[in-house]
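Novice: I'll drop the sequence and a predicted model, then ask my questions.
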Amino acid sequence: MKHPKKKEHNKRYFDKNEKKPEDNGESKDNQVKVYNIKITPNLIKANKFKNKDTFNAIRPKKNKKFEGKAPIDPEKLEVHSRGEGVGKGVRHPLHAEKLRKRERKYNYAQEQAARAEILLTEGQGGLEVEEGGKTTAISQKIIAENVDITAASKIFELNLGFGPYQAKYSRNGRHLLLGSKKGHLAAFDWFTKKLHFEINVMESIHDISWLHTETMVAAAQKEWLYMYDNTGTEIHCIKKMDKILRMEFLPYHFLLAAVNEFGFMTWLDISVGEIVGHYNNRLGRTAVMAQNPYNATLCIGNSKGVVSLWSPTVKDPLAKILCHKTPVTALAVDNRGMYMATSGVDRSMKIWDIRHLDGPIQDYRLRSAPVDLEFSQKDMLAVGLDEVVEIYNNCCTKTTEKPYLRHRMAKAINNFKFCPYEDVLGIGTTNGFTSIIVPGSGEPNFDALESNPFQNKKQRKEAEVKALLDKIPAELITLNPLDITEVDVLSMQEQMEAKKKLLYLKPKKMDFTPRHKKKGKTNIARKKIIKEVARKDFVEKAKEAKKLLNLQEEQKAKKPSFGVLDRFVPTVKTKKQ
Amino acid sequence: MSKVKIKVISRNPDEYLRATKRDIHKLPRNYDPSLHPLEAPREYVRAMNAVKLERVFAKPFIGNLDGHRDGVSSLAKHPSRLSVLTSGAFDGEIRQWDLAVKKCTRNFVAHEGWVRALCYTPDGETFTSVGDDKTIKTWKSEVRSPDDEEPISTLLSMSVVSGITHHRNKPIFATCGEHCQLWEKTRNEPVKVFKWGVDSLHHVSFNQVEYNLLASCASDRSVILYDCRESGPLRKVVMELRSNALSWNPMEAFIFTVANEDYNLYTFDVRKLKQPVNIHMGHTSAVIDVDYAPTGRELVAGSYDKTIRIFESLKGNSRDVYHTKRMQRLTCVKWTLDNKYILSGSDEMNIRMWKARASEKLGVLKPRERTALNYSDSLKEKFANHPQVKRIARHRHVPKHILNAQKEIKTIKDKTKRKEGNRRAHSKPGTVPFVAERQKHIVKEDE
C-alpha cells in the first residue's frame, strides 16, 4: 500500500520517456503503470519464484573469473570416502528417496572434508637427492647438517647403564617412557627434555606402557603389573596380572591388554579397574604382540609361525594366519589396519593384507631375522636387524629393492617406536636410547581434538573426560569395526522362535540342523564321492539315451513285411490339429 | 651426497599455542579418517550417551496455575498472544492467566453451572463462552474500564449448548447442543440449524484452513461433518463408541483426529471416512480431549486415566507420556501456538504447563550448545533402531495403575487374538477373514 503513495512524488518511468524520441512507441500505452523501481537483491529474491523469465532477465551476467567451486582431487575424495552407497537396492520409492537424501549429505560431508585439506598448515617431510642417487646411505650426520636447529636437536643419544632398554612414546608423541631390564624406569617430556620421574624398581621390567594420559604409566615387572604416576609413585599393583611379557594399551577402550609367560591374556579396563577378559590363548610362551589400531584386536605371533587375532570377549582366536614355517620374531600392523608385517626366524619378512587375511602381498628376504618391526604413521616400515635399523618406504604395495634409510649403531637393538606426529624414530638399545630422524615418517598435521602435542593441563583434563565419556565397551572389539552399523538379520531359527512365541499360532515343524559348508576344505575322499556320483549320473543318462534310441529303432524294426500284401496293412491316420 | 634436500616436521610452538591467556586455544583439525579410528563404535557410544542424557534431562513439568475453586472444564488459547490463556471451570467461573508469570489476571463468574466451552475470536479482541445456563456470552479480552467486565453480548439459546467454535475470518460461530447451530454476531437467533436425527452433540470444531468446514462429535457415537454454506450436514461416520473431542490438523486441512471413549484416538481423512488413516493407541482409559500442535506433526491427548500422551500424527504409539502424582482425570489439553508447551486442565482444579519436548532446554542456546545438541540428535536418529538405544529411548516410567491397566489390556488383546486364530485354524478356510484393525472400529459411513 505504501509504494504508490511514495511514487506519486517521483517522476514516472513513462513521464521521463515521453521526452525521449526512441521510446515513443512503448510510452503511448499510458494505461499501464510502470514504476521506476531500483532492482535490489531483496526484490530479486521476492520475485524469484513468481516469474522465472523476468528473474533470468535481471540476473547479472555470470562472472567469468569465478567459475564456481574449485574441483577436488579424486584421490583426496577417496581418502575421505565412507564407502559406496547402497545404490538401487531399495525398491520402495519413499525409502529410496530418503536414502538418496542421506547419501547426498554423506557425499557433501566427504567433499567438505576433502576441501578442508587446504587448511592444513604443515607439509610432509621428505628426502630429495639427485636423480639416480640413493637415500639409503644418508646418515644422521648429513640429516642433522641439512635441517634446522630445532629439528637437529631431535637426534640425540642417551647412554644409560641398566641393560637393554624399552622405549615408548605417549599417544601425542610428546612424552617418552623408558624401562630397562634391570629396573630403570624413567619418563620425560622429550621436546623440552624435562624429566617427570626416574626410579629403579629393583626388579626386572619386561614391558612398559603409557596409559590414557601422560600422568600414568604401567610397568610389567618381574612378578606383577605396577602402575606409577608422573612423579614415580606407585599407585597400583595388580597381582591378577603376573609375569607379563608384553603389553598394549587400547586408548579408545581404556583397556590394557597383556599376555604373560603362560599364555594367559588379560584385558584390564583401567577406568574402572575391572578385568574384562582373562583366558589362556593356548599358544605357549610368546612375546610377539601388536595391536591393530583399526579395530583394536590383538595380533599374537607364536613359535609355530601362526599369527592369531584376539578380542577380550571371544576365547578363541577371531582369525589365524599361517605366516611362516618358523617361529615369528616380530609383528607390526599399520595405522589404517590394512597391512601386517611379520618376520620369521627364517630371515623372511612378509606383508599381509590383514583385512582380507590374505597374502602374502610381499615377501622379502633379509640378512638376518628382524628383532622388531614397526610401521610409522605414513606407512614406513622400520626393521631392526641386530645393530642396524632399516627403514623401508612404500614396501607394502610394491616390492622395494633398497631401504629408504639405514642407521647403523654399535649396540644391539631391543625395540623401537616411531614418534607420532614427528619424523623421529626412537630406538631402545642395550645401553640406552637413540633418537634418529626419518624424514617423512610422521603425520605432519595433528588433530587437536584427537591428540594434541601442545596441550596444557586443562586441555588434557578436558580431553580425558571426553575420552572417558566415549569409552567403547570391550564387547565391540571385532574384526570389522563397522559391524555395529550393519543391519542385524535374524537367522531362520531365530525367526521361527519368535513366531513360536505368538501363542495363537501353531508352529510349523522344521529341521533346523544347519549345513556347515566347508569352503575350500574338500578332502580327497569327498572329491572321490563327487566324481563317483557324477560318473554314475552320466552312466544312467547314457543308458536312458540308449534306451530311447533303441525304442526308436525297435519301432522302425517292428514293422513286419508281408511282401506284396503290404498294401493291405492298414495305415494309422494322424489326426490333423 | 652433495645435493640433499631434507624436509622434516619442525613445528614452531608459537603457531600452536595461544599468545595470551585471553585468547582461545588453537585447535588445528585434520579430518583424515586414519587419525580417527573406530569411527562407528565411537559414534555408537556417543549415541548411547546422548539418549541416556535425553532421559536424564526429561523433566517436562514446568508449573501449575492454581486458583480455580472447581475442576477446570475448558481452556482457550489466545490466537495471537502466547502468554494469555483463558480457562473455565465447573462452577461457572472464568479465569484469565498470564502464562509468563503464572498468575491469574482476571476472574469472574460467567455462568450458572459449568462453563462448557470457550473460544476466542480470530482477532483476539473478544472471547465467547457457553454454559449450562443456555447462554452464549461474549467478553472482552482486555479490561480497560469497569464496563469491560460485563459481557458485550448475551445470547439465549433455546436448547442446551455444550460446545462453541469460531469461524476463521467471518463473524460467524457455531455451537452445538441438541443440534449444531450457526450464529452471526449481530443476531439473536441462529442463522442456520443443522439437524441429523441425534439427541445431542458435545463438541464442535471449525476447520481453520478450509474454513467453511466444521465437524462435531455426537453422543450417538458419530462424527458429523458440516459445511457452513450449505443447509444440511454433509456426512457422518458412526464408530463403535462415542468420540469425546475433535481436532483439525492445522497444516493438512483434510485431516482430523477424534478422541474416543474406547481408549484410542482416530485420525480421519475427510475424503474417506470409511476407514481411519491412523489409530493412536496407548491410553488405558477414555480419551477426553485432543489438540494438534501448530506444525500438524504431533498431537496431544488427555485421558481419564490421569495421563497426557503425545503422539506423532503418523505413528500409532505415543512418543511420550506425562503424569504427576497429583494430577487427576484430564478434562482438557492444549498445545500452545509456539509449539513449545502443553497446557492441561484437570479435575483437581489445576492447570498445568508442560514442555512439549520433555528434555528440551528452555531459553537461549549458545552456538556450541546448539551444535552439540544437533550432533547428538542426528546420532540418536542414526542409531535409533539399535536395541539398546531403542530400549532407553522408549522406556517411560508410568504409575502402577497405568502399568496394571496396560497389562490387562494386553492380556485381553492377546486373548481375542488367540481365540480368533484358533477359530480360524479350526474352521473352513476363508470363513474367518482377517479384519484390519482400522476397519474394526468403524460401524458405518452415512451421507
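Specialist: Received it, and whenever you're ready, just let me know what you need. Numbering: from 1, shown residues only, chains lettered A, B, ... in the order given.
Novice: would you confirm that A:Glu261 contacts A:Glu223?
Specialist: No: look at A:Glu261 against A:Glu223 with Cβ atoms under 8 Å: they stay out of range, at 11.0 Å. From N, CA and C alone the C-beta is placed, and that goes for glycine too.
Novice: joint contacts of the two?
Specialist: Overlap of the contact sets of A:Glu261 and A:Glu223 (by Cβ atoms under 8 Å, 6 or more residues apart in numbering or on different chains) consists of A:Lys243.
Novice: where are the low-confidence patches of the stretch 151-300 of chain B?
Specialist: In the prediction, the stretch 151-300 of chain B carries no residues with pLDDT under 70.
Novice: repeat the analysis, applying 80 as the threshold.
Specialist: B:197-199 (pLDDT under 80).
Novice: same deal with the stretch 1-150 of chain A?
Specialist: A:1-66, A:86-88, A:131-133.
Novice: repeat that with 90
Specialist: A:1-71, A:82-91, A:98, A:102, A:126, A:128-137 (pLDDT under 90).
Novice: where exactly do the strands run in the stretch 251-400 of chain B?
Specialist: B:255-260, B:265-269, B:278-280, B:287-292, B:298-303, B:308-312, B:318-322, B:330-335, B:341-346, B:350-355 (DSSP state E, counting those that start in this stretch).
Novice: tell me the strands beside the fifth one, with direction?
Specialist: Just to be clear, that refers to strand B:298-303. Partner strands and pairing direction for strand B:298-303 (DSSP bridges) are strand B:287-292 (antiparallel), strand B:308-312 (antiparallel).
Novice: for chain B, what's the nearest residue on the stretch 1-150 of chain A?
Specialist: Distance from chain B to each residue of the stretch 1-150 of chain A (Cβ to the nearest Cβ) is smallest for A:Glu128, at 3.8 Å.
Novice: by contact count, what packs against the helix or strand hosting that residue?
Specialist: Using DSSP states H and E, A:Glu128 maps to strand A:126-129. Contact partners of strand A:126-129 among helices and strands, from 3 or more Cβ pairs under 8 Å, 6 or more residues apart in numbering or on different chains; DSSP states H and E: strand B:4-7.
Novice: for chain A, what is the nearest residue in chain B?
Specialist: Nearest residue of chain B to chain A: B:Gly421, at 3.2 Å (Cβ to the nearest Cβ).
Novice: mean confidence for the one helix or strand that residue maps to?
Specialist: Assigned by DSSP H and E, B:Gly421 belongs to helix B:400-425. Mean pLDDT, computed over helix B:400-425, is 93.
Novice: got a pLDDT number for B:Arg116?
Specialist: 95.
Novice: contacts only, for it.
Specialist: B:Ser73, B:Ser74, B:Gly88, B:Val130, B:Gly131, B:Asp132, B:Val161, B:Ser162, B:Gly163, B:Ile164.
Novice: just those residues that are near chain A?
Specialist: Among the contacts of B:Arg116, proximity to chain A is found for none (Cβ under 8 Å from any Cβ of the partner chain).
Novice: any chance of the strands paired with strand B:298-303 in TSV, with distance to A:Gln495 and mean neighbour count too?
Specialist: Output for the strands paired with strand B:298-303, formatted as TSV (distance: least, Cβ to Cβ, whole Å; neighbours: other Cβ atoms under 10 Å in any protein chain shown):
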stretch	distance to A:Gln495	mean neighbour count
strand B:287-292	36	25
strand B:308-312	29	23
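Novice: show me where the stretch 151-300 of chain A dips below the pLDDT cut-off.
Specialist: A:161, A:163, A:284.
Novice: how about the residues of it by chain B?
Specialist: Counting by Cβ under 8 Å from any Cβ, the stretch 151-300 of chain A comes close to chain B at A:Ala151, A:Lys154, A:Tyr252, A:Pro293, A:Tyr294, A:Asn295, A:Ala296.
Novice: thinking again about what came up before, was I right about the residue of the stretch 1-150 of chain A closest to chain B contacting B:Val4?
Specialist: Yes: A:Glu128 is within contact range of B:Val4, at 7.2 Å (criterion: Cβ under 8 Å).
Novice: more neighbours: which of those two?
Specialist: Taking neighbours as other Cβ atoms under 10 Å in any protein chain shown, A:Glu128 and B:Val4 compare with B:Val4 leading, 16 against 13.
Novice: contacts only, for residue 128.
Specialist: In the absence of a named chain, this looks at chain A. Applying Cβ under 8 Å, 6+ apart to A:Glu128 gives the contacts B:Val4, B:Lys5, B:Ile6, B:Lys7.
Novice: wait, chain B was what I had in mind.
Specialist: Counting by Cβ under 8 Å, 6+ apart, B:Thr128 has contacts B:Leu118, B:Cys119, B:Tyr120, B:Thr121, B:Ile136, B:Lys137, B:Thr138, B:Trp139, B:Ile164, B:His166, B:Phe173.
Novice: show me what the strand or helix carrying the last one packs onto, helices and strands only.
Specialist: By that I understand B:Phe173. Taking DSSP H and E as the criterion, B:Phe173 maps to strand B:172-177. Counting contacts by 3+ Cβ pairs under 8 Å, 6+ apart, strand B:172-177 packs against strand B:161-166, strand B:180-184, strand B:201-206.
Novice: partners of it, with directions?
Specialist: When DSSP bridges is applied, strand B:172-177 pairs with strand B:161-166 (antiparallel), strand B:180-184 (antiparallel).
Novice: using PDB, write out every CA atom in that strand.
Specialist: Provided in PDB are the C-alpha atoms of strand B:172-177 (Å, rounded to 0.1, in the frame of the first residue of the first chain):
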ATOM      1  CA  ILE B 172     -19.800 -16.500  12.500                       C
ATOM      2  CA  PHE B 173     -19.600 -19.000  15.200                       C
ATOM      3  CA  ALA B 174     -21.100 -22.400  15.700                       C
ATOM      4  CA  THR B 175     -22.500 -24.000  18.800                       C
ATOM      5  CA  CYS B 176     -23.600 -27.500  19.500                       C
ATOM      6  CA  GLY B 177     -26.100 -29.000  21.800                       C
END
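Novice: and the contacts of that strand?
Specialist: B:119, B:128, B:130, B:136, B:157, B:159-167, B:180-185, B:190-191, B:200-204, B:206, B:214, B:216, B:226, B:228.
Novice: list only buried entries from these.
Specialist: In those, burial by neighbour count holds for B:119, B:128, B:130, B:136, B:157, B:160-167, B:180-183, B:185, B:190, B:201-204, B:206, B:214, B:216, B:226, B:228, counting by 16 or more other Cβ atoms under 10 Å in any protein chain shown.
Novice: pipe the helices and strands packed on strand B:172-177 into TSV and attach distance to A:Gln362 per row.
Specialist: Below are the helices and strands packed on strand B:172-177 laid out as TSV (distance: least, Cβ to Cβ, whole Å):
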stretch	distance to A:Gln362
strand B:161-166	81
strand B:180-184	87
strand B:201-206	77
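Novice: for those, which one sits closest to A:Ser311?
Specialist: Comparison of the helices and strands packed on strand B:172-177 against A:Ser311 by Cβ to Cβ identifies strand B:201-206 as nearest, at 60.6 Å.
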